[in-house]
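Asker: No sequence on hand, only this structure:
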């Protein structure tokens, strides 16, 4: 079993049971992964996860979610929520976003967060298919619009560590967020370093 699992406060939305937590922890240990850091005791937060260079990162995140017993909500394009895959995506905590809707994705997400009493929103500021010249900025505007703290989460493949950093309040500008968060993530090794 894992030597350390961050304590989870009752304030956060929970999922699963003792068996699913055991299975998630066993799977992480079998793959050589471990946790480091703590998770704040707040009812609403945003996990900003990086580096994100592979679809395997999603599977790692789902396994960690079960190991911790947290219900993490994540965004996905609406086409992923068609039957039959949509049943699984919603069960895992996904919510569809409609990119061609009159209101943009940030507004849809902020509204969703505001309507919840408790939510752990998981986002990644960059994509999996190619290296981006800069992070996507949606996480900044969602955090500011919804008034929720950001908890940086690093996936370090060099040490197989899922690392939780101290909560961070979104700054007045995207550039300030990049300056504060970028060094945390650049110190980690991605699954595909050339894409990060």
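Answerer: Arrived safely, thanks for sending. Please read all numbers here as calculations on a predicted model, not as lab measurements.
Asker: Residue 54 - how many residues pack around it?
Answerer: Neighbour count for residue 54, taken as other CB atoms under 10 Å: 17. Backbone N, C-alpha and C define where each C-beta goes, glycine included.
Asker: Report pLDDT for it.
Answerer: On the pLDDT scale, residue 54 is placed at 78.
Asker: How about the one 5 residues further on?
Answerer: With respect to pLDDT, residue 59 scores 91.
Asker: That one and residue 29, how far apart?
Answerer: According to CB to CB, to the nearest Å, residue 59 and residue 29 sit 16 Å apart.
Asker: Next: residue 185.
Answerer: 24 Å.
Asker: more neighbours, the two?
Answerer: A direct count of neighbours by other CB under 10 Å for residue 185 and residue 29 places residue 185 higher, at 25 against 14.
Asker: which residues in this structure form helices?
Answerer: Along the chain, counting by DSSP state H, helices occupy 18-30, 56-68, 85-92, 105-115, 138-146, 174-186.
Asker: Any chance of a markdown table for those, columns distance to residue 125?
Answerer: Listed next are those as a markdown table, based on distance: least, CB to CB, whole Å:
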| stretch | distance to residue 125 |
| --- | --- |
| helix 18-30 | 24 |
| helix 56-68 | 13 |
| helix 85-92 | 20 |
| helix 105-115 | 13 |
| helix 138-146 | 5 |
| helix 174-186 | 8 |
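Asker: Give me the distance between the two termini of stretch 155-163.
Answerer: 7 Å (CA to CA, to the nearest Å).
Asker: list the contacts for the nearest residue to residue 42 once chain neighbours are set aside?
Answerer: Closest residue to residue 42 apart from its sequence neighbours, by CB to CB, 6 or more residues apart in numbering: residue 11 at 5.8 Å. By CB atoms under 8 Å, 6 or more residues apart in numbering, the residues touching residue 11 are 41, 42, 43, 118.
Asker: ok, and what's touching stretch 164-180?
Answerer: 6, 35-40, 42, 45, 134-135, 137, 139-140, 143-144, 149-154, 181, 184.
Asker: With stretch 115-127 instead?
Answerer: Stretch 115-127 is contacted by residues 11-13, 43-52, 57, 61, 70-75, 93, 109, 112-113, 132, 135-139, 142, 148, 196 when judged by CB under 8 Å, 6+ apart.
Asker: Report the distance from that stretch to the chain centre.
Answerer: Centroid separation for stretch 115-127 versus its chain: 6 Å, with CA atoms, centre = their mean, to the nearest Å.
Asker: Can you list the buried residues in it?
Answerer: 119, 120, 121, 122, 123, 124, 125, 126 (16 or more other CB atoms under 10 Å).
Asker: On the pLDDT front, check the closest residue to residue 185 other than its chain neighbours for me.
Answerer: Once flanking residues are discounted, residue 185 sits nearest to residue 50: 4.3 Å by CB to CB, 6+ apart. Reading off the confidence values, residue 50 has pLDDT 85.
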